[in-house]
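> from the sequence below, what's the structure:
(2 chains)
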Amino acid sequence: MAEESILTDDFIRQLINVGEVDLLVGLPTHNNAKTAGPVIQAIQAGILKCFPRERTAILNVDGGSRDGTPEVVTGASINDLRRAYNTHALRTLPSISTRYASSPSSETSLHTILSAAELLRAKACAVISPESLNIEPEWMARLLRPVYQDNADFVAPIYRRHKFEGVLVSNVVYPMTRALYGQKIREPYASEFGFSGRFGSRFLTQHVWRHEPGQFGTELEMTLNAITGGYTVSQSFLGMKSRSEHHPDDLVAAMRQTVGVLFSSLETKFTSWSASNGSKPVSTIGPEYEMTLDPVRVNRRRLKQMFSGGVAELEPILRSILSQSTLSALQQIAALDEENCRYPAELWARTVYEFAASHHKSVMSRDHIVQAFVPLYRGRMFTFLVENRNASAEEIENSIEALCREFERSKPYLLEVWNGGK
Amino acid sequence: MVESEATMRELIVGELSQAAQEIARGFAHMLPRLIVMLVIAFVGWVIAYLVKWIFRSILRLVKFDKLSEHAGASQFLNQAALPSPTELVSRFVFWVAWLGFIMLGVSVLGIGGLQQHISRFFLFVPRLFVTLFIIFFGLLLASFFSRAALLAAVNANLPSPRLLSISIRTISIIFVVSMAFEELGLAEETMLLAFGIAFGAAMLGFAIAFGMGGRDLARQFLEKRLVHEKKGEKEEEPSPL
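Residues are numbered from 1 along each chain as shown, chains lettered A, B, ... in the order given. The predicted structure follows:
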């Protein structure tokens, strides 16, 4: 049973008015009035077009917007869409909104969506980011149909990305998730995803909901729970990923949401990851990857300088986290000039695993361990950018595949450092 | 003449025998108390040893050495060729406990002037423990804040992150030491004044260094924080997610 305490009386009243639904689309927002309009229209269009017979509701959970976002969502009319798509839905499409807190938290917003989904007995749910400007009506079918019709429990997205976008995902989150949990999920930390009511209810009871302000990264935990819980996981190609979502200044925050969550999950899921070997593909609708190759101006010198400076300045901290051999190797490559500096895949995998083990052993504040990882990630990013400057999509894909295999090959090393010394 | 000599001898002998008797009486009076004192000291030694053993076990269980390493205390002890923090604290507890029992034993002897000093010692022990607590957790916090500053400065690409980190550590340690002295009641005013001067000087130094020496840096920093750059003027950094 859902924890009613998270749902306000007024919100429960709204949900009761909606009644049971087949599909639920969650839209977590915070000051997204500019983008929420087109996104909600695309969601409505997708539902009208692909699920005209199903009982569907759109649920906006707002983290204290001050720009009228909830009004934009609830005020979106479907009459124009009906004319545009020449569709006549057999049912109404209610949009309801609730404010869960005065500041955003992906954990609380997801908790609210899951609780509402359970109360409405939704069979399939999708969560959509309000910043996804490239959303197309077909996204609804791609996220909901595998759950609603094909009995999948969790649908992760695949995006078309620029070759240098999402380096943290392609160089840490994807290879590490794949090596540890044995499933090739390209976007384990997704802002759009679909899930079954069954899995949603299970996650609702399994997850420890902390409700601390500014808590992010629960989406990644949900993906990991779907894998380790033995649920049917699939992937759907959505299209171009919107670039306005994550500002580069948020690298430390992004690291906490991804690497921090991934490292923490290793504690609770030790029996799952320590027993699995290799990796297997996941059922995928559409292409497994697509990249755009437009030239972009990237300040590689600054990346290299921040990597070298970080390794030198953080030496006392890194000494507590890394083994002597890894630290020496890092210091050697950090001392090289821009032309020769390369952070090889083998050393990168070893670094990530040693950080994970140190996080487990709490050699210092865990948040400090995650922060100390940032300059090293910049070093790896520099290498990735330099090595793939003129690479084609296939060559980049091969390079990511080689990195993933290196993470899989080095997995025994993680087990070794997990329980043993550095 | 002879008679007076005999009287004198008798008087001396009488006085001597009285003195001897008093010594013997005093000794007889003191001996049981001395034995009680020795028994208290011995029992105290056994209890202090047990307390030391229990303390050492608890400290090992809570990984006190690791905590001290994070606080920077282990590094200091290593440099001074002192034993591990767990061993040092255990030994300290042993000596405080045993000294307490010895003092208790001495008080049984009933030596007038000592009583006041002994009660003062017992009043001082809790303050000593509070001081040690302040120093330990103060060092731990100083280490935490200096590391947090170092990481934040490195990740924000600020110049001289180590200098910033060391400055924060130094100021924190000065603050902790002044608090410890205040708790002990030693040179309170001097320490307060010294802290005020050191802290004020450090702040003034930073302000002058930042304002004069780093005018350009300050401008860059403020521009970065307060003036929103046009997106087109900035080199793109790929999104990590």
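> now A:R99. Nearest residue, chain neighbours left out?
Nearest in space to A:R99, with sequence neighbours left out and distances taken as C-beta to C-beta, 6 or more residues apart in numbering or on different chains, is A:D62 at 4.8 Å. Yep, even glycine has a C-beta here, placed from its N, CA and C like the rest.
> ok, the one you found - contacts?
Applying C-beta atoms under 8 Å, 6 or more residues apart in numbering or on different chains to A:D62 gives the contacts A:28-30, A:69-70, A:97-100.
> tally of neighbours for residue 31?
Using chain A. For A:N31, the tally of surrounding residues (other C-beta atoms under 10 Å in any protein chain shown) stands at 17.
> sorry, should have said chain B
The burial count for B:L31: 10, using other C-beta under 10 Å.
> what about the helices in chain B?
For chain B, the helices defined by DSSP state H occupy B:2-61, B:64-71, B:73-79, B:85-109, B:114-155, B:161-184, B:188-208, B:215-226.
> quick check: A:A402 vs chain B, distance?
In this view, A:A402 and chain B are 20 Å apart by C-beta to the nearest C-beta, to the nearest Å.
> show the pLDDT at the nearest residue to that residue once chain neighbours are set aside.
In space, A:A402 comes closest to A:A345 once its chain neighbours are excluded; the distance is 6.3 Å by C-beta to C-beta, 6+ apart. pLDDT, A:A345: 96.
> which residues touch A:A345?
For A:A345, the contacting residues are A:402-403, A:406, by C-beta under 8 Å, 6+ apart.
> return stretch B:17-25 as CSV; C-alpha atoms alone will do.
Extracted C-alpha coordinates of stretch B:17-25, given in CSV (Å, rounded to 0.1, in the frame of the first residue of the first chain):
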residue,chain,number,x,y,z
SER,B,17,61.0,8.4,75.8
GLN,B,18,57.9,10.6,75.4
ALA,B,19,58.9,11.6,71.9
ALA,B,20,59.6,7.9,71.1
GLN,B,21,56.2,7.0,72.5
GLU,B,22,54.6,9.7,70.4
ILE,B,23,56.4,8.5,67.3
ALA,B,24,55.3,5.0,68.0
ARG,B,25,51.8,6.1,68.7
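> what are the buried residues along that stretch?
Under the neighbour-count criterion of 16 or more other C-beta atoms under 10 Å in any protein chain shown, stretch B:17-25 has nothing buried.
> run through who's touching stretch A:389-407.
For stretch A:389-407, contacts defined as C-beta under 8 Å, 6+ apart pick out A:163, A:170-171, A:174-176, A:178-179, A:184, A:279, A:289-291, A:293, A:345-346, A:348-349, A:352, A:384, A:387-388.
> for A:E118, which of the helices of chain B is the nearest?
Across the helices of chain B, A:E118 has its closest neighbour in helix B:114-155 (39.8 Å, C-beta to C-beta).
> how many degrees apart are the closest one and helix B:161-184 in direction?
Orientation note: helix B:114-155 sits at an angle of 160 degrees relative to helix B:161-184 (axes from the mean of the first three to the mean of the last three C-alpha atoms, to 10 degrees).
> any of the contacts of A:A345 buried? List them.
A:403, A:406.
> now tabulate the contacts of A:A345 in TSV and tack on secondary structure, distance to B:S146 and pLDDT.
Converted to TSV, the contacts of A:A345 look like this (DSSP: H, G, I helix; E, B strand; the rest coil; distance: C-beta to C-beta, whole Å; pLDDT from 0 to 100):
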residue	secondary structure	distance to B:S146	pLDDT
A:A402	helix	40	96
A:L403	helix	35	97
A:E406	helix	35	97
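> if I look at B:I197, how far off is B:I174?
Counting by C-beta to C-beta, to the nearest Å, the gap from B:I197 to B:I174 is 10 Å.
> CA atoms only: put stretch A:108-124 into PDB for me.
Only the C-alpha atoms of stretch A:108-124 are listed here, as PDB (Å, rounded to 0.1, in the frame of the first residue of the first chain):
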ATOM      1  CA  THR A 108      10.100  13.200  -3.500                       C
ATOM      2  CA  SER A 109       8.700  13.800  -6.900                       C
ATOM      3  CA  LEU A 110       9.200  10.200  -7.900                       C
ATOM      4  CA  HIS A 111       7.800   9.000  -4.600                       C
ATOM      5  CA  THR A 112       4.600  11.100  -5.200                       C
ATOM      6  CA  ILE A 113       4.300   9.700  -8.800                       C
ATOM      7  CA  LEU A 114       4.700   6.100  -7.600                       C
ATOM      8  CA  SER A 115       2.200   6.600  -4.700                       C
ATOM      9  CA  ALA A 116      -0.300   8.200  -7.100                       C
ATOM     10  CA  ALA A 117       0.200   5.400  -9.600                       C
ATOM     11  CA  GLU A 118      -0.400   2.800  -7.000                       C
ATOM     12  CA  LEU A 119      -3.600   4.600  -5.700                       C
ATOM     13  CA  LEU A 120      -4.900   4.900  -9.300                       C
ATOM     14  CA  ARG A 121      -3.900   1.300 -10.000                       C
ATOM     15  CA  ALA A 122      -2.100   2.300 -13.200                       C
ATOM     16  CA  LYS A 123      -0.900  -0.600 -15.300                       C
ATOM     17  CA  ALA A 124       1.900   1.400 -17.000                       C
END
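> would you mind listing what in chain B touches chain A?
Contact residues (C-beta under 8 Å from any C-beta of the partner chain) of chain B with chain A: B:66, B:70, B:144, B:147-148, B:150-155, B:157, B:161-162, B:235-241.
> re the thing from before, return the subset of the contacts of stretch A:389-407 lying in helices.
Using DSSP H, the contacts of stretch A:389-407 in helices are A:174-176, A:178-179, A:345-346, A:348-349, A:352, A:384, A:387.
> taking the residues you listed, please make a PyMOL selection of just the buried ones.
In PyMOL, a selection of the buried entries from these looks like this (16+ other C-beta under 10 Å):
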select buried, chain A and resi 174+175+176+178+179+345+348+349+352+384
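> which one among the ones in helices among the contacts of stretch A:389-407 gets closest to B:F136?
A:V352 (33.8 Å).
> state the pLDDT value of the closest one.
Per-residue pLDDT puts A:V352 at 97.
> same check on A:I321?
At A:I321, the model reports a pLDDT of 95.
> repeat for B:L204
For B:L204, pLDDT reads 78.
> who in the stretch 51-200 of chain A is up against chain B?
Among all residues of the stretch 51-200 of chain A, those adjacent to chain B (criterion: C-beta under 8 Å from any C-beta) are A:162, A:164-169, A:189.
> how near is B:Q18 to chain A?
75 Å.
> what score does that residue have for pLDDT?
90.
> now the strands for the stretch 51-200 of chain A?
Using DSSP state E, counting those that start in this stretch, the strands of the stretch 51-200 of chain A run over A:56-62, A:95-99, A:124-127, A:154-162, A:193-196.
> I'd like the average pLDDT over the last one.
Right, the one you point to is strand A:193-196. The average pLDDT within strand A:193-196 is 96.
> contact partners of it?
By C-beta under 8 Å, 6+ apart, strand A:193-196 touches A:123-127, A:143-144, A:146-147, A:151-157, A:203, A:219, A:222-223, A:226, A:231, A:236.
> got the buried residues for that strand?
Along strand A:193-196, these residues count as buried under the neighbour rule (16+ other C-beta under 10 Å): A:193-196.
> using PyMOL, define a selection of the buried residues within the residues of chain B next to chain A.
Those of these that count as buried under 16+ other C-beta under 10 Å are selected in PyMOL with:
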select buried, chain B and resi 66+70+144+147+148+150+151+153+154+155+161+162+237+238+239+240+241
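> need the residues of the stretch 51-200 of chain A next to chain B in a markdown table with pLDDT and neighbour count, can you?
Below are these laid out as a markdown table (pLDDT from 0 to 100; neighbours: other C-beta atoms under 10 Å in any protein chain shown):
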| residue | pLDDT | neighbour count |
| --- | --- | --- |
| A:H162 | 89 | 17 |
| A:F164 | 90 | 23 |
| A:E165 | 89 | 21 |
| A:G166 | 90 | 22 |
| A:V167 | 93 | 23 |
| A:L168 | 94 | 24 |
| A:V169 | 94 | 24 |
| A:Y189 | 92 | 28 |
